[in-house]
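Engineer: Need the 3D shape of this:
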Amino acid sequence: MSQARYRTVRAANWLRRQIRSNALWFLALALLVGLGAGLCAIALGQIARGTQRLLFGLAQGEHLSAAEAIAPWRLIALPIGGALLGLALWCLRRRQAVDIVEANALHGGRIPARDTAMVVGTTLLSNGFGASVGLEAAYAQAGGGLASLLGQRIKLRRSDLRTLMAAGAGAAVSAAFGAPLAGAFYAFEVVLGAYSTATVAPVMLAALAAAVLARAMGMTPYVIAAGGMHPIGTADYMLYAILGLLCAGIGIALMRLVSLVERAVHRSPLPAHWAPLAGGLLLVPLGLLSHQTLSGGHGALNLNLMAEVTIAGLALTILLKMLASAVSLGFGFRGGLFFASLFLGSLVGRLYQVVLAQIPGLHVLAPDDATVVGMAALAVAVVGGPLTMSLLVLEVTHDFNITGVAVAATLISSTVARETFGYSFSTWRLHLRGETLRSGRDVGWMRALTAGQMMRRDVPQLAADASVSAFRERFPLGSTTRVVLLDGKGHYAGIVETAAAWSPDVEPVAEIGTLGKLSQARLVPELGIGEVLEMFDRVAADDLAVVTPDGRVLGLITERHARRRYAEELERSQRELYGET
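Structural biologist: Next up is the predicted model:
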């Protein structure tokens, strides 16, 4: 080992010891991650907006979705961007990249650097060329990926790495939106999937550091403040509760629409690397009908807050934006629905307010209040995190009255979406890939604790066609409690209890295989502890054999041992979660 390498290893080991023994060192690391994530978010935002200005002829400070005029020929950037993205995907030709939610739930906060580069690069390309996706996926992935890489280099413990990665993702969102509380709770609710005393300080510190850095560099908050400090009464709560229900339904419809388009594209003969080009061509007419369908919709949100609107105009814009988002994501453009859902929610809230205003004698809602409540209620149905969205409302309005209403609406929307649909957009996409995650809670340890790891290998075995008397000669009472039976080809054929074979009611000349049980109930070595326990509950057995796909017996697991290991690992993970030693 070279001298420089030796010094690096020593420094990393020393830093790891300090972080494990002193919480202040971990806070310092979180502060560093927050600053780095903030710089990443600022840089990504500048690159995307600069690309849009160049491609679509925008003025400085002008947003694509709120542009007064865009020359129709400039919309050719959409299929060009799709072609470039398809080329990039064809060159990569690799598995799905690990995102921040999947990394925290399954991989202990580990994100490969190439996965971060892939997500950030493809999202920048998609948003920069005008596709109807937000940059939030790139922000969170860049911040979380940076933190994960740093944590892996100094070999942090699993719990510390998950916390640091979530802090980086939340800090990036904090810098991008100018909302440190929303960024921190994004880390808690969306990335980590839980709160704990051990995670509050580092996550909050990282989010605050990123937001302060962004403001010090002259970055204005990503969401413009709305709200006019209007009085809120009982009637407002009731009407906004209904708005929460409506937003839950629209959010679910949006997620299903995206998956429907994506499924249709996958089943079509169109090659995957050509899909973004086709999607870009389909986005051109939508962009011609309304510029508000382009990009994430930040500028259009502000435009609709200030402009005179009609029911027909709002309804058409909602429909076009939902189609544009579904086409963009379904045809392979990369990005998130965070800001698209905020924009759609603002439109739904404004439409709701305008419709109610047409009903004589009904309580009149304030337009800007309805806009921000709808924004939060629909976003929580898609993204998750009711407190994240409620705090975002507080930070963009500075109005505690409307924040209270937003909390009620988001809780209703979140509950309805969770009970009727069960997924946020990120976990829904993972579900379509075959995963069963519902949040970022750490379940990776359950999958790491497999049947192959827990099984006992020295299992007594006997041919199923042997006689009972032969069994009794080989396995006297008290020698073992059960024996695995094998068929003529040496494959698993069931389990027989020793006590049953020694029963006086059993004829000694009978085949022992007639006493066998559980011939169809078997485990494969890759099954996680959760699936193992489910199998025990389903077949009501005390023992189960672990068998290869071709029927060869590898070992045996007892239910008592499996449940004890589960309890031990669960207790260990809880200690790590709450910072206990």
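Engineer: Ile495 - that's part of a strand, no?
Structural biologist: Yes: when classified by DSSP: H, G, I helix; E, B strand; the rest coil, Ile495 is found to be part of a strand.
Engineer: from here on, count from 872
Structural biologist: Yep, numbering from 872; the last one is Ile1366 now.
Engineer: Looking at strand pairing, list the partners for it.
Structural biologist: With DSSP bridges applied, the residues forming beta bridges to Ile1366 are Val1355, Lys1388.
Engineer: quick one: Ala1069 and Thr1034 touch, right?
Structural biologist: Yes: taking contacts as Cβ atoms under 8 Å, Ala1069 lies within contact range of Thr1034: 7.0 Å. Every residue, glycine included, has its C-beta placed from N, CA and C.
Engineer: These two: which has the busier surroundings?
Structural biologist: Comparing Ala1069 with Thr1034 by neighbour count (other Cβ atoms under 10 Å), the higher total belongs to Thr1034, at 32 against 19.
Engineer: Please name the residues that touch that one.
Structural biologist: For Thr1034, the contacting residues are Ala901, Gly980, Leu1063, Ala1069, Thr1070, Pro1073, Val1074, taking Cβ atoms under 8 Å, 6 or more residues apart in numbering as the criterion.
Engineer: Following the chain onward from the helix or strand in which it is found, which element is next?
Structural biologist: Take DSSP states H and E as the rule and Thr1034 turns out to sit in helix 1029-1048. Where DSSP H and E defines the elements, the next helix or strand beyond helix 1029-1048 is helix 1051-1057.
Engineer: Just the CA trace of the helix holding Thr1034, in PDB.
Structural biologist: Extracted as PDB, the C-alpha positions of helix 1029-1048 are listed here (Å, rounded to 0.1, in the frame of the first residue of the first chain):
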ATOM      1  CA  ARG A1029     -26.200   1.100   8.200                       C
ATOM      2  CA  SER A1030     -28.400   3.300  10.300                       C
ATOM      3  CA  ASP A1031     -26.000   6.300  10.100                       C
ATOM      4  CA  LEU A1032     -25.700   5.900   6.300                       C
ATOM      5  CA  ARG A1033     -29.500   5.800   5.800                       C
ATOM      6  CA  THR A1034     -29.800   9.000   7.900                       C
ATOM      7  CA  LEU A1035     -27.000  10.800   6.100                       C
ATOM      8  CA  MET A1036     -28.400   9.900   2.700                       C
ATOM      9  CA  ALA A1037     -31.900  11.100   3.700                       C
ATOM     10  CA  ALA A1038     -30.300  14.300   5.000                       C
ATOM     11  CA  GLY A1039     -28.700  14.900   1.600                       C
ATOM     12  CA  ALA A1040     -31.900  14.300  -0.300                       C
ATOM     13  CA  GLY A1041     -33.900  16.600   2.000                       C
ATOM     14  CA  ALA A1042     -31.200  19.300   1.800                       C
ATOM     15  CA  ALA A1043     -31.300  19.300  -2.000                       C
ATOM     16  CA  VAL A1044     -35.100  19.700  -1.900                       C
ATOM     17  CA  SER A1045     -34.700  22.400   0.700                       C
ATOM     18  CA  ALA A1046     -32.300  24.400  -1.400                       C
ATOM     19  CA  ALA A1047     -34.400  24.000  -4.600                       C
ATOM     20  CA  PHE A1048     -37.700  25.100  -3.000                       C
END
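Engineer: starting at the chain centroid, how far to that helix?
Structural biologist: Using Cα atoms, centre = their mean, to the nearest Å, the mean C-alpha position of helix 1029-1048 is found 14 Å from that of the whole chain.
Engineer: So what sits opposite the closest residue to Val1380 other than its chain neighbours in the bridge?
Structural biologist: Excluding the flanking residues, the one nearest Val1380 by Cβ to Cβ, 6 or more residues apart in numbering is Ser1338, at 5.8 Å. For Ser1338, the beta-bridge partners under DSSP bridges are Glu1382.
Engineer: any idea how far Ser1338 is from Leu955?
Structural biologist: 73 Å (Cβ to Cβ, to the nearest Å).
Engineer: out of the two, which sits in the busier spot?
Structural biologist: The residue with more neighbours, out of Ser1338 and Leu955, is Leu955; 18 against 14, by other Cβ under 10 Å.
Engineer: list the contacts for the more buried one?
Structural biologist: Contact criterion Cβ under 8 Å, 6+ apart gives Leu996, Phe1000 as the residues in contact with Leu955.
Engineer: what's the spacing between it and Gly1001?
Structural biologist: With distances defined as Cβ to Cβ, the gap from Leu955 to Gly1001 amounts to 12 Å.
Engineer: repeat for Ser1390
Structural biologist: 60 Å.
Engineer: Who has more neighbours out of these two?
Structural biologist: When Ser1390 is set against Gly1001 and neighbours are counted by other Cβ under 10 Å, the residue ahead is Gly1001, at 31 against 15.
Engineer: residues in contact with that one?
Structural biologist: Gln923, Leu926, Phe927, Leu935, Leu946, Ala948, Leu949, Gly952, Leu1154, Gly1158, Leu1165, Ser1166.
Engineer: Tell me which residues touch the residue nearest to Val1380, please.
Structural biologist: Ser1338 sits next to Pro1379, Val1380, Ala1381, Glu1382, Ile1383 when contact means Cβ under 8 Å, 6+ apart.
Engineer: Could you find the closest non-adjacent residue to the last one?
Structural biologist: This means Ile1383. Leaving out its chain neighbours, the residue that sits closest to Ile1383 by Cβ to Cβ, 6+ apart is Phe1342, at 4.7 Å.
Engineer: Surely that neighbour is in contact with Thr1351?
Structural biologist: No: shown here, Phe1342 and Thr1351 do not form a contact pair, counting by Cβ under 8 Å, at 10.9 Å.
Engineer: which of the two has more neighbours?
Structural biologist: For Phe1342 against Thr1351, the residue with the higher neighbour count under other Cβ under 10 Å is Phe1342, and the figures read 23 against 13.
Engineer: Distance check, that one against Leu1356.
Structural biologist: Phe1342 sits 10 Å away from Leu1356, taking Cβ to Cβ as the criterion.
Engineer: so what sits against both of the two?
Structural biologist: Contact criterion Cβ under 8 Å, 6+ apart; residues bridging Phe1342 and Leu1356 by contacting each: Leu1333, Val1367, Ile1383.
Engineer: Quick one: residues contacting the last one.
Structural biologist: So that's Ile1383. By Cβ under 8 Å, 6+ apart, the contact set of Ile1383 is Leu1333, Ala1335, Asp1336, Ala1337, Ser1338, Val1339, Ala1341, Phe1342, Leu1356, Val1367, Ala1372.
Engineer: Tell me the predicted confidence for the residue nearest to the last one when sequence neighbours are not counted.
Structural biologist: What that stands for is Ala1372. Using Cβ to Cβ, 6+ apart and skipping residues adjacent in sequence, the residue nearest Ala1372 is Phe1342, 5.0 Å away. Per-residue confidence (pLDDT) for Phe1342: 84.
Engineer: Let me see the contact set for Phe1342.
Structural biologist: By Cβ under 8 Å, 6+ apart, the neighbours of Phe1342 are Leu1333, Val1354, Val1367, Ala1372, Ile1383.
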